[in-house]
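Visitor: next come a sequence and a model predicted from it.
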Amino acid sequence: MHIVAEDLCKSFKVSKRSPGIANAFKNVFHREYEIINALDKVSFEIEEGELVGYIGPNGAGKSTTVKILSGILTPDSGNCQVLGKVPWKERVQYVENIGVVFGQRTQLWWDLPVIDSFELLRDIYRVPQNDYEKTKDELIERLNLGSFINTPVRQLSLGQKMRCELAASLLHSPPILFLDEPTIGLDAVSKIVVREFIKELNQEKKVTVILTTHDMDDIEALCSRVIVIGKGKILSDGSLNQLRSMVSKERRLIVELENREFGISVEGAHLIKWEGNRAFINFNPQTISPANLISTISNTYEIKDIFIENPPIEETIANLYGELKI
Ligand SMILES: Nc1ncnc2c1ncn2[C@@H]1O[C@H](COP(=O)(O)OP(=O)(O)OP(=O)(O)O)[C@@H](O)[C@H]1O
């Protein structure tokens, strides 16, 4: 097995702060603490070549998991092996096998031109010069870094910086990549570039990827498997369709009418919203077949366009978090 996490637990002791000036003084002399269970018996197994989404609301434990997997944090209990190594014990050899990108932090030297950071990383990872040149050129071309490779990192846009971060994490050609919120704050175009790159890396180079994100478009575009964590516990682990069916079996029909004056109503389906002349209707395919639904509507209304899709994944996930009360 490529990556195994077994009953990982991690808690943090944090000081409680009560609001108000009087309490601030009280806190100086008498600190009260609380224990936060960031991870509570987290287990999963990931095979070589998988691209797994790791999602959950704020504070669920995603970053803590990635930090343990990458050897930055030691769990209080539980086991973890990545390529047969315990990340926090054999850190020096271990990091040669992994690339890590934290969307809100940088591994690049802020004041140096990007290429200088790459060369420092080459030395840190002891990448042979020939391999380095080849990988670097490929990454520069693929991520389109050529025009700013000599620019200091602090002058780059967020999208340019993230593309450099991805390249930096891959200069030593690791077989495993951990990505913590790689598209956070990026503009739409950069998001697409980053997504396409991750997809190719996984499909062509067979790099195993674990991706934490709040962006459901990332998940939909990339992940065949999704692990959901909430309050430190794994809540579900399966395909995107399994996740959908956990929450709702509903599909969505979108009908564009010539005229919405008389509204729309069909037995066995319910109207969610209108956008202009487009009606968004949810239905359960086990109760009414899509063919019946479409023929009923087209016999009753004058329609311009009609199509079926899944309800947006954001809606599914929000419902899931709601149902699981996380
Ligand atoms: N170093 C730390 N000290 C104290 N508490 C921490 C520390 N790191 C994480 N926590 C707490 O542990 C819990 C899990 O945090 P974690 O960062 O893993 O969540 P997350 O799912 O990545 O959230 P987000 O999506 O907001 O980044 C949170 O309640 C967080 O406040």
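Guide: Thanks, I have it.
Visitor: what parts of this structure come near the ligand?
Guide: Within reach of the ligand by CB under 6 Å from any ligand atom, the chain has these residues: Phe12, Val14, Ile36, Ala38, Gly56, Asn58, Gly59, Ala60, Gly61, Lys62, Ser63, Thr64. In this view, the C-beta of every residue, glycine as well, is placed from N, C-alpha and C.
Visitor: which non-adjacent residue is nearest Leu156?
Guide: Distances taken as CB to CB, 6 or more residues apart in numbering place Phe148 nearest to Leu156, at 6.0 Å, with adjacent residues excluded.
Visitor: surely the one you found and Val114 touch.
Guide: Yes. At 6.7 Å, Phe148 and Val114 qualify as touching, with contact defined as CB atoms under 8 Å.
Visitor: now do the shared contacts for these two.
Guide: Taking CB atoms under 8 Å, 6 or more residues apart in numbering as the criterion, Phe148 and Val114 both touch Leu156, Cys164.
Visitor: more neighbours, these two?
Guide: Val114 (26 against 19; other CB atoms under 10 Å).
Visitor: and the more buried one, how far from Tyr132?
Guide: Between Val114 and Tyr132 the distance, using CB to CB, to the nearest Å, works out to 14 Å.
Visitor: give me the pLDDT for the residue nearest to Leu156.
Guide: With respect to pLDDT, Phe148 has a value of 96.
Visitor: what residues are up against it?
Guide: With contact set as CB under 8 Å, 6+ apart, Phe148 has these partners: Val114, Leu156, Gln160, Cys164.
Visitor: okay, the nearest residue to Leu257 once chain neighbours are set aside and the ligand: tell me how far apart.
Guide: Of all residues not flanking Leu257 in the chain, Asn277 sits nearest, at 5.0 Å (CB to CB, 6+ apart). Distance, Asn277 to the ligand, by CB to the nearest ligand atom, to the nearest Å: 39 Å.
Visitor: surely Asn277 is in contact with Glu258?
Guide: Yes. With contact defined as CB under 8 Å, Asn277 reaches Glu258; the gap is 7.4 Å.
Visitor: where are the low-confidence patches of this structure?
Guide: Filtered on pLDDT under 70, the chain yields the residue ranges 1, 17-19, 21, 23-29, 247-248, 311-314, 323-326.
Visitor: can I see the domain layout of it?
Guide: As recorded under the TED database, the domains making up the chain are 3-9+40-245, 250-310.
Visitor: most tightly surrounded among these?
Guide: Scoring those by mean neighbour count under mean count of other CB atoms under 10 Å gives domain 3-9+40-245 as the most buried, with a mean of 18.
Visitor: tell me if I'm right that Asp218 and Leu51 touch.
Guide: No. If you go by CB under 8 Å, Asp218 and Leu51 don't touch, sitting 10.6 Å apart.
Visitor: what do these two both touch?
Guide: Shared contacts of Asp218 and Leu51 (CB under 8 Å, 6+ apart): Leu211.
Visitor: just the element for Phe118, please.
Guide: helix 114-124 (DSSP states H and E).
Visitor: where exactly do the strands run in the stretch 201-326 of the chain?
Guide: 208-212, 225-230, 233-239, 251-257, 269-275, 278-283, 303-309 (DSSP state E, counting those that start in this stretch).
Visitor: so which elements touch the second one?
Guide: Spelled out, that is strand 225-230. With contacts taken as 3 or more CB pairs under 8 Å, 6 or more residues apart in numbering; DSSP states H and E, strand 225-230 sits against strand 51-55, strand 233-239, helix 240-247, helix 313-324.
Visitor: now do the first one
Guide: Taking 3+ CB pairs under 8 Å, 6+ apart as the contact definition, the neighbouring helices and strands of strand 208-212 are strand 51-55, helix 62-69, strand 176-180, helix 188-204, helix 216-222.
Visitor: what's the angle between that strand and strand 51-55?
Guide: Orientation note: strand 208-212 sits at an angle of 20 degrees relative to strand 51-55 (axes from the mean of the first three to the mean of the last three CA atoms, to 10 degrees).
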